[in-house]
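Student: predicted model follows, preceded by the sequence.
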Amino acid sequence: MNQKFALTGTTRPDAQVRHISVLLSSTARGARLARLLAVDALRSWEVPYETAGQVVAELAANAATHGRVPGRSFRLTLYVVGATLRIEVTDTRGDRRPVLREPDDIAESGRGLFLVDALADRWGVAEDRHPRKTVWAEISLAPAPERGTSRFGDVGD
C-alpha cells in the first residue's frame, strides 16, 4: 500500500515543524560538516543561521574532541518548532559530561561551552541510554523588539 504523509496542523510558517538528523564521524571533518549541513538546512527553511551555525560548530567540535570513541559517530539533530530552534548533539561518551568554565586568558581552547552559553537562550545535557549523552541548546527565532521601544510605550509617555 502506497501512502502519502504530510505535516498535520496549521500551515502557518511559525507553526511548522522542521527536522533534520544526521550521523557524522567523530572527527574534525565531521564537526565541520555538521556546521555546513546545519547552515544549509536552516537557509533552506529560511531561518536565521548565523548564531545557530556557531552553536552547532561548538557542540559538534566538543563531540568530536571530548565525546569521541574510535569507530563511533555523533548525531546532529535540528528541530524548528514554532519560533524555537533546538540543536542536539549526541555522542557516545556519557561518562564525560560537559562543564561550563570561565575560559583561561592564555588557553588556546576551552571556550566552546562559554560561547554556547552566551549565544543560546537555554542549553543543557540529557543522559541517554548508556553510554550516550545529548548536549542540547535552544535559540529563539522570534524577532527581537526594536531598539528604543518597549512593549509599554516610549519613555516619557
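Tutor: Right, received. Where do you want to start? Numbers count the residues shown, from 1 in each chain.
Student: C-alpha from now on. contacts and neighbour counts both.
Tutor: OK.
Student: my read: Leu23 touches Leu76, true?
Tutor: Yes: using CA atoms under 8 Å, Leu23 is in contact with Leu76, at 6.5 Å.
Student: neighbour count: those two, which is higher?
Tutor: It is Leu76, of Leu23 and Leu76, that has more neighbours when counted by other CA atoms under 10 Å, with 27 against 16.
Student: that one should be in a strand, yeah?
Tutor: Yes: with DSSP: H, G, I helix; E, B strand; the rest coil as the criterion, Leu76 is located in a strand.
Student: what lies in contact with stretch 69-84?
Tutor: Residues outside stretch 69-84 that contact it (CA atoms under 8 Å, 6 or more residues apart in numbering) are 13-26, 34, 38, 60, 63-64, 85-93, 138-142.
Student: narrow those residues to just the buried residues.
Tutor: Buried by 16 or more other CA atoms under 10 Å: 16-17, 23-26, 34, 38, 60, 63-64, 85-93, 138-139, 141, out of the contacts of stretch 69-84.
Student: please, which helix or strand holds Thr51?
Tutor: For Thr51, the host element (DSSP states H and E) is helix 50-65.
Student: now for that helix, which elements pack on it?
Tutor: Other helices and strands packing on helix 50-65, by 3 or more CA pairs under 8 Å, 6 or more residues apart in numbering; DSSP states H and E, are helix 28-44, strand 73-81, strand 84-91, helix 112-119, strand 133-140.
Student: nearest to Gly53 among those would be which one?
Tutor: Set against Gly53 and scored by CA to CA, the helices and strands packed on helix 50-65 come closest in helix 28-44, at 5.6 Å.
Student: what is that closest one packed up against?
Tutor: On a contact count with 3+ CA pairs under 8 Å, 6+ apart, helix 28-44 meets strand 17-25, helix 50-65.
Student: what about it, distance to the chain center?
Tutor: Helix 28-44 sits 11 Å away from the centroid of its parent chain (CA atoms, centre = their mean, to the nearest Å).
Student: again, but for stretch 97-116
Tutor: Stretch 97-116 sits 17 Å away from the centroid of its parent chain (CA atoms, centre = their mean).
Student: mean confidence score for that stretch?
Tutor: The average of the pLDDT scores along stretch 97-116 is 76.
Student: what of stretch 81-88?
Tutor: Averaged across stretch 81-88, pLDDT comes to 95.
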